[in-house]
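Student: Need the 3D shape of this:
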Amino acid sequence: MHVPTTLPRGPVSPIANARMYSVTPLVKAAWKEVLGWALRRARLDWTVLDYDPPAPLDALWARDDLGCAMMCGLPFSQRRPSPTLLAAPVPSPSGYQGRPIYFTDIVVRADSAHRTLEDTFGGVVGYTLENSMSGCVALRRHLLAHRTPARPRLYRSAVGGLLNARRVIEALDEGRIDVGPLDSYAHDLLRRNDPSLAAKVKVIASTEAAPIPPLVATAPLAEGELERLREALGAAGSTAALAANREVLLLEGFAMPREADYQVFDEVLSAAQRFPGVW
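Tutor: Just a heads-up that it's a prediction; the model follows:
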């Protein structure tokens with residue numbers, strides 16, 4: 001496991017952020033409560049930063065002052081030096097089996113005639129960002145099983161830059177794309193907290209489970225900070241003070257995965273890149 005460097009605190013303190021799964025204002029507020037509670041318990045005077053769309057997530061993840069921020073597993077696995085892995089959320093719905101995992105839901109418009117993934121071939125596929133696991137790469141890899149010499153391209157065109165799950169749903173609802181990927185945890189959060197938006201799409205397939213985006217640090221942590229922060233995140237999963245927030249977040253608690261768990265994304269990325277014309 002990556003061992004954080006022990007250095008004296010610099011002039012700028014680290015930040016905390018859960019932009020990845022702040023899918024509605026209520027959800028964003030709940031994440032801020034959870035992270036703020038954990039920072040106070042860990043005796044860390046850090047800022048829970050607002051960083052709303054359309055501000056680019058790549059710019060957030062490139063920062064060297066992240067103290068407790070959610071990061072897509074693919075950029076986490078690729079960044080060097082490796083960020084410090086703090087914890088990972090465990091979604092509460094039964095499909096996650098009490099594990100820090102998620103899926104990519106492949107969705108179409110709710111009133112679409114499409115019933116299977118194969119039904120969408122020949123149409124327009126959408127995706128969020130090229131370096132997003134749930135928003136692009138996982139779908140590309142999943143599609144490889146359907147690629148044949150006679151059918152090297154599965155879609156007539158692709159629409160990228162959709163940024164997040166909400167924009168994918170909007171693009172489907174507006175008829176700009178025929179099929180697109182949703183991070184399953186983001187999708188479940190929308191079902192819980194913005195059901196009218198979530199009802200605009202239906203799931204026709206899902207990818208295999210993968211390690212869920214973790215909370216990480218890119219800032220050097222002073223002696224004792226890492227241990228206190230991990231303990232506080234673990235306690236956030238059971239304290240009565242956060243029960244209402246955990247309900248909003250469909251959050252069972254936080255697990256402490258291994259950095260090696262995220263190495264699976266190297267193979268997923270490699271497979272997806274072998275056939276760039278799979279769209």
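Student: all contacts plus neighbour counts: C-alpha atoms, from now on.
Tutor: Noted.
Student: Residue 76 belongs to a helix?
Tutor: Yes: according to DSSP: H, G, I helix; E, B strand; the rest coil, residue 76 belongs to a helix.
Student: separation between it and residue 26?
Tutor: The gap separating residue 76 from residue 26 is 27 Å, by Cα to Cα, to the nearest Å.
Student: what are the ranges of the strands in the stretch 1-150 of the chain?
Tutor: 15-17, 47-48, 66-70, 84-91, 101-102, 104-109, 124-126 (DSSP state E, counting those that start in this stretch).
Student: what's the closest of these to residue 54?
Tutor: For the strands of the stretch 1-150 of the chain, the distance to residue 54 is smallest for strand 15-17, at 15.2 Å, taking Cα to Cα.
Student: Return the list of helices and strands in contact with the closest one.
Tutor: helix 25-41, strand 47-48, strand 66-70 (3 or more Cα pairs under 8 Å, 6 or more residues apart in numbering; DSSP states H and E).
Student: what residues does it touch?
Tutor: Contacting residues not belonging to strand 15-17 are listed as 32, 35, 46-51, 65-70 [Cα atoms under 8 Å, 6 or more residues apart in numbering].
Student: Need the buried ones from the residues you listed selected in PyMOL.
Tutor: Buried residues among the contacts of strand 15-17 (16 or more other Cα atoms under 10 Å), as a PyMOL selection:
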select buried, resi 32+35+46+47+48+65+66+67+68+69+70
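Student: how about the contacts of strand 15-17, which pair is most distant?
Tutor: 32 and 65 (17.6 Å).
Student: who has more neighbours, residue 76 and residue 26?
Tutor: Using other Cα atoms under 10 Å, the more surrounded residue of residue 76 and residue 26 is residue 76, with 24 against 15.
Student: contacting residues around the more buried one?
Tutor: 82-83, 262.
Student: try it again with 7 Å
Tutor: Applying Cα atoms under 7 Å, 6 or more residues apart in numbering to residue 76 gives the contacts residue 83.
Student: From residue 58, how far off is it?
Tutor: With Cα to Cα as the criterion, residue 76 and residue 58 are 11 Å apart.
Student: Then residue 98?
Tutor: 29 Å.
Student: So which of the two has more stuff around it?
Tutor: Taking other Cα under 10 Å, residue 98 and residue 58 do not tie; residue 98 has more neighbours (17 against 14).
Student: Serialize the contacts of strand 15-17 to a markdown table and add fields for distance to residue 110 and pLDDT.
Tutor: What follows is the contacts of strand 15-17, written out as a markdown table (distance: Cα to Cα, whole Å; pLDDT from 0 to 100):
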| residue | distance to residue 110 | pLDDT |
| --- | --- | --- |
| 32 | 32 | 98 |
| 35 | 35 | 98 |
| 46 | 42 | 97 |
| 47 | 40 | 96 |
| 48 | 36 | 97 |
| 49 | 35 | 95 |
| 50 | 32 | 95 |
| 51 | 31 | 95 |
| 65 | 41 | 97 |
| 66 | 38 | 98 |
| 67 | 40 | 98 |
| 68 | 36 | 98 |
| 69 | 33 | 98 |
| 70 | 30 | 97 |
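Student: Next one, pLDDT for residue 60 please.
Tutor: Confidence at residue 60, expressed as pLDDT, is 95.
Student: And for residue 108?
Tutor: At residue 108, pLDDT is 98.
Student: For residue 68, see how far away residue 229 is.
Tutor: Between residue 229 and residue 68 the distance, using Cα to Cα, works out to 9 Å.
Student: so where do the helices sit in the protein?
Tutor: 25-41, 57-61, 73-78, 138-143, 165-173, 184-193, 195-198, 225-236, 243-248, 264-274 (DSSP state H).
Student: Please produce a markdown table containing these, extended by distance to residue 103.
Tutor: Below are the helices of the chain laid out as a markdown table (distance: least, Cα to Cα, whole Å):
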| stretch | distance to residue 103 |
| --- | --- |
| helix 25-41 | 20 |
| helix 57-61 | 20 |
| helix 73-78 | 12 |
| helix 138-143 | 9 |
| helix 165-173 | 13 |
| helix 184-193 | 5 |
| helix 195-198 | 16 |
| helix 225-236 | 23 |
| helix 243-248 | 20 |
| helix 264-274 | 13 |
